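Asker: Quick one, fold the following:
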Amino acid sequence: MRAVILEIDEEMLAERARLGLDRRDEMWEGVLHMVPQPSGRHQVLATALARYLFDHAARRGYEVACEIGTYAHDQDYRVPDLAVFPKASRVRRGVDGPPLVLFEILSPGDESYDKIPWYLARGAEAVVIVHPETFAVQVFIADGTAPEDDDELVTVPGLDVRLGPAPDGSALLVVTDDGVHRIEL
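Answerer: Numbers count the residues shown, from 1 in each chain. Coordinates of the predicted model:
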């Protein structure tokens with residue numbers, strides 16, 4: 001359910017922070033977006049994807065983090081499900097510099113597609129959208145979408161990994177220089 005609260009009480013914000021419910025909250029040009037907890041399937045997919053990307057990205061000089069704020073400034077930030085970024089872009093509060101690749105895992109009614117232009121404007125080479133039910137993958141780059149390879153996997157620019165559904169649709173395939181990994185949920 002979507003809701004609009006024209007003015008939010010400071011006590012409510014403090015209570016959300018105390019309970020840790022604000023971890024995924026985002027600020028879109030000064031407008032607070034309270035993002036609900038993702039499903040267990042969503043979280044397991046993000047964690048497994050981070051696991052397979054971690055060493056691959058580190059060998060290229062990048063860091064990987066789940067749910068790290070990506071900032072334009074204090075009143076304008078988003079929280080992708082997974083971020084790959086140069087160490088120099090990370091500061092105490094999150095990612096301040098250009099990220100390499102940002103991943104969003106779809107949830108019903110979420111704003112993943114609305115974030116793509118903002119992420120690309122922050123300097124991301126690619127934004128990856130993953131559907132947790134079908135394992136379909138879309139890769140967005142500054143000049144459109146990345147084409148699928150012959151085997152229906154998509155190459156993620158800058159990271160040089162390939163992602164997509166297994167031929168039988170039972171898993172997300174993650175192809176790195178370490179091999180082919182299957183994420184089955």
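Asker: which secondary structure elements does the longest helix anywhere in the chain contact?
Answerer: Criterion DSSP state H: the longest helix present in the chain is helix 40-58. Packed against helix 40-58 by the contact rule (3 or more Cβ pairs under 8 Å, 6 or more residues apart in numbering; DSSP states H and E) you find strand 62-66, strand 82-86, strand 101-105, strand 172-176, strand 179-183. Any C-beta I mention is one placed from the backbone N, CA and C, and that applies to glycine too.
Asker: Need those in CSV (columns: mean neighbour count, distance to Thr145 and mean pLDDT).
Answerer: CSV is the format used below for those (neighbours: other Cβ atoms under 10 Å; distance: least, Cβ to Cβ, whole Å; pLDDT from 0 to 100):
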stretch, mean neighbour count, distance to Thr145, mean pLDDT
strand 62-66, 19, 22, 95
strand 82-86, 24, 18, 96
strand 101-105, 26, 14, 97
strand 172-176, 21, 18, 96
strand 179-183, 14, 22, 96
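Asker: Need those in a markdown table (columns: distance to Gln43).
Answerer: Formatted as a markdown table, the helices and strands packed on helix 40-58 follow (distance: least, Cβ to Cβ, whole Å):
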| stretch | distance to Gln43 |
| --- | --- |
| strand 62-66 | 9 |
| strand 82-86 | 11 |
| strand 101-105 | 9 |
| strand 172-176 | 14 |
| strand 179-183 | 12 |
